[in-house]
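Visitor: show me the folded form of this:
(one chain, ligands or ions: 4)
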Amino acid sequence: MVAVPLVSFGCKLAASRRRALRCAAVGSAWAAWLLAAGVGCGDDAPPRALRFRKITLTESFHAESAALGDLDRDGSTDVVVGPYWYAGPAFQRRYPIYPAVDFDPLAYSNNFMTEVADVDGDGWLDVLVNQWPGEAVSWFRNPGAGGVHAAAPWPRHLVHPAVDNESPALWPLAGVGAGAALLFHTGGAVGVAVPGPSPSTEPWTFCPLSAREGLGQYTHGLGAGDVNGDGRPDVLMASAWWEQPADAQPGVGCAPALWRKHPQAFGAGGAQMHAYDVDGDGDGDVITSLAAHGHGLSWFEQTQEDGALAFVEHPILPAQPEASLDGVQFSQLHALALVDVDGDGLKDLVTGKRFWAHGPHGDADPSGAPVLYWFQLTRSGAGAGGVRYLPHLIDDASGVGTQLAVGDVSGDGRPDVVIGNKRGAFVFVQLAPR
Ligand SMILES: [Ca+2]
Ligand SMILES: [Ca+2]
Ligand SMILES: [Ca+2]
Ligand SMILES: [Ca+2]
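Guide: Ligands and ions are numbered 1, 2, ... in the order given. Take a look at the predicted model:
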């Protein structure tokens, strides 16, 4: 992607020179090139010269989602996008999970979420798919040694017929072989669904944790994370967070009582929501895009107000289209991952622009470049004032779907990024720093 001497030059720039370059050249081709090289323009942290190799799995539109897992148990992580799983680490071969359709990018696919989990506990990872927000999630049973490499689709079973929200996701169960549980809302109530003893013949049991909140099928923003520091993941939405009580057993069975609701505005509704101690002061902060089809990405600092939890918003990408972060701005952050991309111990963000979410004329800046970025978390000094995110471009010809996957697919320990959307399906393999 980039010549070595130029990257080295960028890394050796004095801090003052970098600062001047960032201030003077923002928006220029030179600044864009530096960002493409992964050379940070920030002045508080050493630049991370991360590089990614792009692998195009397909240019067909199959899905808006992606997932990872070693489906054939050969020791290499595989990739799932839409109707196929692609065998790692080369991704030269693909095998069907369900019948493939090449969809028109002006329309929609039948896949808005993919998750991988061993639903039936047979040791082989199965695949969950949401066909449309508000419609069914099914799970496809991995046929195992005798069929995982076959040309036949996998047996399909129902999880739940009406999975509302545009970012349903696996509930974060602890431990290997912990099974599967799915976080979503249905009938207006938020909850977690768990498979029973016969998931091949019986739909999962939905355990509501909230009252009926009037939430519809196209609600944006949902996630799980420990907000109050008790070690138990709470539920995050754009309008509130729900506190997991001590006697709840999400992923096991239904709790005896609803969870405590804490009304709180975290934007207008984004994508996957996360709780993480961004500023390192020991409490859980909340990270979310502000509008799945608009602009804005923020982290919400947890504070105390009269002894109660409160939050102060800190923009990462501004909500105003004309504003920017170091010259970087893009719209429709419809997928957001929290992961330590550069291995420095701080969890970063991976997100991008959803390409043609509602076609080439809908929503904010639909014709903007479909960019994919990672935002490097840096801290200088204590507290929220020392937090700074540095944007690094990974690619400008893919973007995100309604979900993205980040994990090590090459086996070198470095997180890689997998995308499925209307541009196709792509793996971005993180390369060793030069
Ligand atoms: Ca494999
Ligand atoms: Ca299985
Ligand atoms: Ca914090
Ligand atoms: Ca990091």
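Visitor: pLDDT weak spots in the stretch 301-434 of the chain?
Guide: Along the stretch 301-434 of the chain, no part satisfies pLDDT under 70.
Visitor: try 90
Guide: 304-308, 381-382, 433-434 (pLDDT under 90).
Visitor: what does it put close to ligand 4?
Guide: Asp340, Asp342, Asp344, Leu346, Asp348 (C-beta under 5 Å from the ion). The way it works is simple: take the backbone N, C-alpha and C, and place the C-beta from them, glycine included.
Visitor: by neighbour count, which of those residues wins?
Guide: Comparing these by number of neighbours (other C-beta atoms under 10 Å), Asp348 comes first, having 23 neighbours.
Visitor: that residue contacts Ile316, correct?
Guide: No: counting by C-beta atoms under 8 Å, Asp348 sits too far from Ile316 to count as a contact (11.0 Å).
Visitor: which neighbours do the two share?
Guide: Common contacts of Asp348 and Ile316 (C-beta atoms under 8 Å, 6 or more residues apart in numbering): Phe375, Tyr389.
Visitor: which helix or strand contains the residue most central in space within the chain?
Guide: Nearest residue to the geometric centre of the chain (C-alpha atoms, centre = their mean): Ala337, 3.2 Å. Using DSSP states H and E, Ala337 maps to strand 336-339.
Visitor: in its sheet, what does that strand sit against?
Guide: Applying DSSP bridges, strand 336-339 is found paired with strand 348-352 (antiparallel).
Visitor: contacts for the next helix or strand after the partner strand?
Guide: Next in sequence after strand 348-352, counting helices and strands by DSSP H and E, comes strand 372-379. Residues outside strand 372-379 that contact it (C-beta under 8 Å, 6+ apart) are 40, 42, 44-45, 48, 50, 278-280, 297, 316, 328, 330, 341-342, 346-353, 386-396, 398-400, 417, 419, 428.
Visitor: change it to 6 Å
Guide: 44-45, 48, 280, 341, 346, 348-350, 352, 386-395, 398 (C-beta atoms under 6 Å, 6 or more residues apart in numbering).
Visitor: what about the closest residue to Pro391 other than its chain neighbours, distance to Ala405?
Guide: Nearest non-adjacent residue to Pro391, counting by C-beta to C-beta, 6 or more residues apart in numbering: Val328, 4.3 Å away. For Val328, the distance to Ala405 equals 23 Å [C-beta to C-beta, to the nearest Å].
Visitor: of those two, give the one with the bigger neighbour count.
Guide: Ala405 (27 against 21).
Visitor: in the sheet, which residues pair with that one? Tell me.
Guide: Val418.
Visitor: switch to numbering from 29
Guide: Happy to do that; since the first residue is 29 now, the last one works out to Ala433.
Visitor: ok, it - contacts?
Guide: Contacts of Ala433 (C-beta under 6 Å, 6+ apart): Ala94, Ala95, Leu96, Val446.
Visitor: closest to ligand 3 out of those?
Guide: Using C-beta to the ion, Leu96 comes nearest to ligand 3 of the contacts of Ala433, at 28.4 Å.
Visitor: right, and the helix or strand after whatever helix or strand that closest one lives in?
Guide: According to DSSP H and E, Leu96 maps onto strand 95-97. For strand 95-97, the succeeding helix or strand toward the C-terminus, using DSSP H and E, is strand 106-109.
Visitor: where's Leu78 relative to Arg169, distance?
Guide: 37 Å.
Visitor: ok, the two, which is more surrounded?
Guide: Leu78 (22 against 19).
Visitor: list the buried residues in stretch 341-352.
Guide: Within stretch 341-352, the residues that count as buried by 16 or more other C-beta atoms under 10 Å are His342, Ile344, Leu345, Pro346, Ala347.
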